[in-house]
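[1] Let's see this in three dimensions:
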Amino acid sequence: MTDELRGLLRESAEAHQPDRARMLARVERGTARTGTARRSRDRERTRALSWPRIVLATLATAGTLTASALMVVDVDVDAVHDPDPPRSPSAVGRAVPPTAAGSRTEDGPLGADGSVDPHSNAYWAQSNVTLKAGEPLTALVVELRIALTEGVKDTGNWRTRPAADFDLSARQEGGFLVYRWTLKPGRTVPAGVHVFAGQYDHATGGRDAKDDTYRIDATAGAAERGAAVWGGFA
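    Residues are numbered from 1 along each chain as shown. Got it, this is the predicted structure:
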């Protein structure tokens, strides 16, 4: 390099003066942009960190509400489906119509049989309920139900026990002519065979007794055991 070229470069370097104000402004702008970017990143980070907390809090609240709702539903269901109270044992004289198809002719000391009396004819009939008591009875209800086929009409009744020992009713109920003998309080029926009979007219010709039924409810013996039998007619 020549001495002349060195001189020119030196003069040029000495003549150059940096613009400090412009440089400071550039630095401040860069710092501002950096701070803004940092703050933006911080907000994004905070938002990212807060979101799981919000979700967890929401789920926890929803879970609490759901559990509460389930508890309420469970209580309501229990209230609606509360089991029935215990039922008392069979009571003498309960109004439960027997069915011939579901006959039960023996129960403990109690037995029974139903039959159409052989002296019945084409205009009139008698239905007999034969009671067999293995022990004395302290309570007794005998019910005879005659289906109201054509022409059926009450013409009387009888029993082998004293009439004064029983309250008697004979009436039409639910399509049947119903005879009911109820042993009076303080009276007893001894062990043995006893007959209760209902008599009635009917339309001319043979009458079908397939829908006729009987039922007997009793209390037997010193233990006062309840017993019940029922059935139909041959």
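[2] Walk me through the domains of the protein.
    3-80, 106-232 (automatic domain parsing).
[3] Between the ones you listed, which has the poorest mean confidence score?
    Of all the domains of the chain, the minimum mean pLDDT falls on domain 3-80 (a mean of 47).
[4] what ranges do the strands span in this structure?
    106-107, 110-116, 124-133, 137-147, 153-159, 166-173, 176-183, 192-201, 213-220, 225-232 (DSSP state E).
[5] Please report how far residue 155 lies from residue 202.
    Look at residue 155 and residue 202: by CB to CB, to the nearest Å, they are 10 Å apart. For the C-beta atoms, the positions are set from N, CA and C on the backbone; glycine is no exception.
[6] Name the residue in these two with the higher neighbour count.
    More neighbours surround residue 202 than the other of residue 155 and residue 202, with 23 against 14 (other CB atoms under 10 Å).
[7] ok, the more buried one touching residue 121?
    No - using CB atoms under 8 Å as the test, residue 202 is too far from residue 121 to be in contact (9.9 Å).
[8] who's in contact with the spatially closest residue to residue 130 that is not a sequence neighbour?
    Closest residue to residue 130 apart from its sequence neighbours, by CB to CB, 6 or more residues apart in numbering: residue 113 at 4.6 Å. With contact set as CB atoms under 8 Å, 6 or more residues apart in numbering, residue 113 has these partners: 105, 129, 130, 132, 231.
[9] Now the two most distant members of the residues you listed.
    132 and 231 (12.6 Å; CB to CB).
[10] Could you check how far residue 173 is from residue 198?
    13 Å.
[11] Pick out whichever of the two has more residues nearby.
    Per other CB under 10 Å, whichever of residue 173 and residue 198 has more neighbours is residue 198, with 25 against 13.
[12] How about the more buried one, nearest residue that isn't a chain neighbour?
    In space, residue 198 is closest to residue 179, 4.2 Å off (CB to CB, 6+ apart).
[13] Could you tell me how many residues sit around that neighbour?
    Other residues close to residue 179 by other CB under 10 Å number 26.
[14] what's the answer for the one 10 residues further on, then?
    Burial measure for residue 189: 21 neighbouring residues, criterion other CB under 10 Å.
[15] ok, back up a step: any idea which of the strands of the chain gets closest to residue 207?
    strand 124-133 (5.9 Å).
[16] Which elements pack onto the closest one?
    strand 110-116, strand 137-147, strand 192-201, strand 213-220 (3 or more CB pairs under 8 Å, 6 or more residues apart in numbering; DSSP states H and E).
[17] returning to that earlier point: right, and the residue nearest to residue 198 touches residue 141 too?
    No - contact criterion CB under 8 Å: residue 179 and residue 141 do not qualify, at 11.2 Å.
[18] Residue 188 reaches residue 139, doesn't it?
    No - counting by CB under 8 Å, residue 139 is not a contact partner of residue 188; they are 9.1 Å apart.
[19] For these two, indicate the residue with more neighbours.
    residue 139 (20 against 12).
[20] For the more buried one, give me its contacts.
    92, 183, 217, 218, 219.
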